[in-house]
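Engineer: prediction below, plus the sequence it came from.
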Amino acid sequence: MRKGTSAPETPQAAQVPISLTMMYPIPSQRTISRALLAVLCLWLLVAASTTERRSWPSFMGDEATYLMQAESLAWDLDLRYEAADYHRFIDGWQLPPQGLILQSGDGGATITYGKPFFYAAYLAPFLRLFGRSGPFIANALLLIFCAIVACRALERRLGPWASLWLAALIFASVTFASTFWMHADLFLMCLTAVAFSLLFNARWRQQRGLDDGHWIAQWIHLVLVGGLLAVVVFSRPPYLPLLLVALWLVPKPRWRSALTTLASAALLVICSSAVHHQLTGTWTPYGALRSGFYAHTGYPAIDFPVATWTSSVQDLGNAAARTPLQILRDRKLPWSLLTWNSFYFLLGRHVGVVPYFLPLLLILWPLVARRRRDEPPARLVVALLLAVSVSALFFLWSRPFNFYGGGGSLANRYFLPLFPALWFVPQRRLPLPGIVAVSLLAGLFLLPLWRAPRQFPITEQGTYRYVSPVAQRWLPFETSQSHLRLAGREDLYEGFYLRLESPGIKQGRDGFFRLPAGEPGAMVLGSTLPLSEIILETTNPPADPFELNATVLGPPQATEKGTWRYRLKLQPPIARHPMWWTWQAAHLYRLRLSFGEPGESHAVFRLALPDPSEAPKT
């Protein structure tokens, strides 16, 4: 350096402004989506672990059967029903096992439970560990595990918002509320979801040329898929299309993979059938002499000796399932009934798939959105939709008057195991606004469940608690389903069919109905002959008129009993199809009526068929 010259200045480091985003990084879309799903799953687990059934007046549907079967496995390590099982159940739950389904293939010498043992085997260790909360904790843990496995498979296909889509599928449908019921439907749904998640994970890796690991790992995955779906199909054979579409979805080499999956499924079915044959003498849990037992019928070994098993079941009615050949030979399903059932299957007030599984509306998005080049072929979507449709159609055909699961069902519980197959229909990213919008829209139908998912599902008036006011007002009543009646009410009345829709209508011992003033009343009338007119007999004087959706023909007529008779012309029928009590097409009419203002006296009335000789003169 020359003398008198100054050293060059060292450049200073550039001043980088520090922003809030550097101090507090914004979480990624994937993180936000996963966090929301994790919070909801944590809430579900806490709610399940604190569930207390003491407020429930009875068990619903098949709950008592699965629960007593699980207790027998947990404490006795067997599947036999004995008097000790009954007493243990009463001591633990303080409720009689209403709807207990038992069967025997040897005249009562060995009585077993009339349900597959898979779900009971899963519940058994949780009953030993957690007592009365065990079944609900077991359901919650299985659903959370199912969500974790499905989340990874869906994220690879749908991007960072896949976890939000999964949260909508579970918590914006009746799926989450099934955690608080002891039915096998949620169990079967989780098995289906895990099996399809494993399949689509394998397909994703193969499409991108990723190494799938050692052949033993691939073999284990295929065996798991076959075994899980075998449990589902063995429990309910109508779900066989799920196994068939899974065999078509297996990764390459397809024939070898399909044979491995099919062999594992067949082996599990054979072993399960052997167990049932050893216990009951039949190859399925539905084929032996079986029946449901209630407090009013009595229970074997408690209220009547097991030696009278055969005669007792014959008196109650043998509920052994018919073979497929018997169904094919005996079943006749008119198109009118199939059409109405399909309509109710989609949009029914109590059992509709659309209102109670509303996020499925988003499966239409990939069908109308622009396809991408790297998107899998459309035949995959068609295969999934076809499998679900065939299974659902079998229920509509084989159980036309109870295609949803009966009185102990939360919406359509037979659809629940089919639900996960539709999770994988979307082949591209779903729009975030669409996921949020459809979740909010589901609140119109799920608000009662969101508020109180653990309450007893039947109200004090005999209606279903989960049916929202919106569904009650706008969705059609399922006239073809035999179990959808107000609790404790009969259907046949004065020579014609009558189903009450309004809980405020009470029937007295004198045969007259009573409706509080100012409260709307609705009922469905039916007959195999057209009912163009009906007689309304009331103790209320003509000065207190009714408001009706029918036309009054002529003035009221006084009777010797001090009542008044109105002749009503009904509106056109709301439906026309066979009923569970006749294969002739029944004409169904809706009658709405109200009386007075709130706080006044009751309206007292009865209905009767008109006498042709009393027709008014014109």
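Structural biologist: Looks like it came in fine.
Engineer: continuing past the lowest-mean-pLDDT helix or strand in the chain, what's the next helix or strand?
Structural biologist: None of the helices or strands of the chain scores lower by mean pLDDT, DSSP states H and E than helix 20-23, at a mean of 45. Sequence-wise, the next helix or strand downstream of helix 20-23 (DSSP states H and E) is helix 29-49.
Engineer: for that following helix, the distance to its chain's centre please.
Structural biologist: 23 Å (Cα atoms, centre = their mean, to the nearest Å).
Engineer: try stretch 151-167
Structural biologist: Distance of stretch 151-167 from its chain centroid, counting by Cα atoms, centre = their mean, is 24 Å.
Engineer: got the end-to-end distance for that stretch?
Structural biologist: Start-to-end span of stretch 151-167 (Cα to Cα, to the nearest Å) is 9 Å.
Engineer: neighbouring contacts of that stretch?
Structural biologist: Defining contact as Cβ atoms under 8 Å, 6 or more residues apart in numbering, one finds that stretch 151-167 is touched by 28-30, 32-34, 36-37, 40, 147, 150, 196-198, 200-201, 204, 359, 362, 423-424, 426-430, 432, 435. For every residue, glycine as well, the C-beta is placed using N, CA and C.
Engineer: for it, buried residues please.
Structural biologist: Within stretch 151-167, the residues that count as buried by 16 or more other Cβ atoms under 10 Å are 151, 153-158, 160-167.
Engineer: quick one: the strands in the stretch 401-550 of the chain?
Structural biologist: Secondary structure of the stretch 401-550 of the chain by DSSP state E, counting those that start in this stretch: the strands cover 492-493, 496-500, 506-507, 513-515, 521-527, 533-538, 546-548.
Engineer: quick one: closest of these to Ala411.
Structural biologist: strand 496-500 (19.5 Å; Cβ to Cβ).
Engineer: the residue lying closest to Leu73 once chain neighbours are set aside - how many residues pack around it?
Structural biologist: Leaving aside its sequence neighbours, Leu73 sits nearest to Ala124 (Cβ to Cβ, 6 or more residues apart in numbering; 4.2 Å). For Ala124, the neighbour count with other Cβ atoms under 10 Å is 21.
Engineer: which SSE is Ala124 in?
Structural biologist: helix 118-130.
Engineer: what comes into contact with that helix?
Structural biologist: 49, 66-67, 69-75, 79, 113, 134-135, 137-138, 142, 182, 184, 187-188, 231, 234-235, 272.
Engineer: ChimeraX command to pick out the buried ones of these?
Structural biologist: Buried members of the contacts of helix 118-130, identified by 16+ other Cβ under 10 Å, are gathered into one ChimeraX selection as follows:
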select :66,67,69,70,71,72,73,74,79,113,134,135,137,138,142,182,184,187,188,231,234,235,272
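Engineer: out of the contacts of helix 118-130, which sit inside strands?
Structural biologist: In strands, defined here by DSSP state E, the members of the contacts of helix 118-130 are Tyr113.
Engineer: so which of the contacts of helix 118-130 sit within helices?
Structural biologist: In helices, defined here by DSSP state H, the members of the contacts of helix 118-130 are 49, 66-67, 69-71, 134-135, 137-138, 142, 187-188, 231, 234-235, 272.
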